[in-house]
Every structure is written in C-alpha cells, then in structure tokens.
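>>> predicted model follows, preceded by the sequence.
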Amino acid sequence: MPLHDERSIYIEKDAEAVFEHIETMPSKFPTFAVLEKRPFLFIRLALVDGIRSAWKVIANREFIGELHGKVPKRLEAGSSMGPFTLSKIERPGIYYFDIDSFFFRGETGYRVVPEEDGCRVWFDCRSEGRRLIDRAWWRIIRPVHIILAKKVLRSLKRDVESGP
C-alpha cells in the first residue's frame, strides 16, 4: 500500500529561477525558524531517523552553521543532509531526496512544473509502505507533515517572489 502526500503552490517566477533557488537554499526544507534551532531541530530529526541520528547531526557544528547561515548550499546527487540523501536532480523539474531511516523509507522533494507566467511547485513525500513501521509512522506523522509541507511551500514562494 503506497503512502503519498503532495502539496503544491503557484509561484510567479519561471521554473529555472525557482529551481535555482531550491538548489541554493541553506535549509532544503525551510519551515518555522524556531524549528531549525535546538532542541526543536533535534526532535524533528529524531522523528525521522531516531535519537542517535539526531544527536549526531545536532553535535555537528558545521551542519548547524550551514543551516543557520545564509551561504548558498548546492548539493550534488549522493550528498547527505542528516537522514536525507539527494537522489534525483533533473533541472529544472526534479529535486528529490531518499529517506532511509529507522522509521521511514521513501522519498521527498520538489517537482517544478512550468505554467503560464510562472510555475507550480509540488512538495511530495512518498513510500511504498512495505514495512509495518512505515505505515504506523505515516499515520502518526502525516498531519505534521501536511502543516510543515504547506509552510515549506509558502516560505519558498515568499523567498523566490521577493528575490531578484
């Protein structure tokens, strides 16, 4: 039974500009600023990949500095951010991460689809849901994912449309 959620937003910029912004964002999933600070970042990461993994990321000062910095962060396929590994980059349409964690195996990321006078950006999260723990985790975390996915898309829209 596949598990899937997708949210979208229309952005009044061309697909190439939106993709360029996604590619260079320090935080690839920008939500509420408070959720990117300790201890909330620890809790978010622990919910994705467990306490041991979250502790390892939180203890990495370089990662925290990059997350809070405004320095563009361009990743290559195979690069990791905590439990997320960039798996697909197809300019200007696909920017996906694999999630291979204790709680969940699947993928998440962005699809950028050109439309008249702009583009539509989709934020997806999906899994085959083969493991019982994937299905149980999804049932619990999906409502939180929906809230955060909407915030990610609104933040992306604000940043892209207010930029050059």
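Happy to help now that I have it. Numbers count the residues shown, from 1 in each chain.

>>> strands of this protein, residue ranges please.
Taking DSSP state E as the criterion, the chain carries its strands at 3-11, 80-81, 84-90, 94-100, 105-115, 118-127.

>>> and Val75, what does it touch?
One correction, residue 75 is Leu, not Val. Glu23, Lys28, Met81, Leu86 (Cβ atoms under 8 Å, 6 or more residues apart in numbering). For glycine as for every other residue, the C-beta is placed from the backbone atoms N, C-alpha and C.

>>> with neighbour count added, can I get those in TSV?
Output for the contacts of Leu75, formatted as TSV (neighbours: other Cβ atoms under 10 Å):
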residue	neighbour count
Glu23	18
Lys28	20
Met81	17
Leu86	19
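
>>> so how far is Leu153 from the residue nearest in space to the middle of the chain?
Nearest to the geometric centre of the chain sits Phe29, at 3.7 Å (Cα atoms, centre = their mean). The spacing between Phe29 and Leu153, counted by Cβ to Cβ, to the nearest Å, is 10 Å.

>>> ok, Cys119 next?
According to Cβ to Cβ, Cys119 and Leu153 sit 12 Å apart.

>>> so between those two, which is more surrounded?
Higher neighbour count among Cys119 and Leu153: Cys119, with 24 against 20, using other Cβ atoms under 10 Å.

>>> what's near enough to touch that one?
Residues near Cys119 by Cβ under 8 Å, 6+ apart: Tyr10, Ile11, Lys13, Asp14, Ala15, Val18, Val112, Val113.

>>> and which of those is nearest Ser101?
Nearest to Ser101, judged by Cβ to Cβ, of those is Val112 at 25.6 Å.

>>> and the residue nearest to the closest one when sequence neighbours are not counted, what pLDDT?
Distances taken as Cβ to Cβ, 6 or more residues apart in numbering place Ala15 nearest to Val112, at 4.7 Å, with adjacent residues excluded. Note on Ala15: pLDDT of 96.

>>> residue contacts, Glu20?
Counting by Cβ under 8 Å, 6+ apart, Glu20 touches Pro92.

>>> distance of it from Ser155?
Note on Glu20: its distance to Ser155, by Cβ to Cβ, is 16 Å.

>>> next: Arg135.
In this structure, Arg135 and Ser155 are 29 Å apart, going by Cβ to Cβ.

>>> and the two? Which one has more around it.
Taking other Cβ under 10 Å, Arg135 and Ser155 do not tie; Ser155 has more neighbours (17 against 14).
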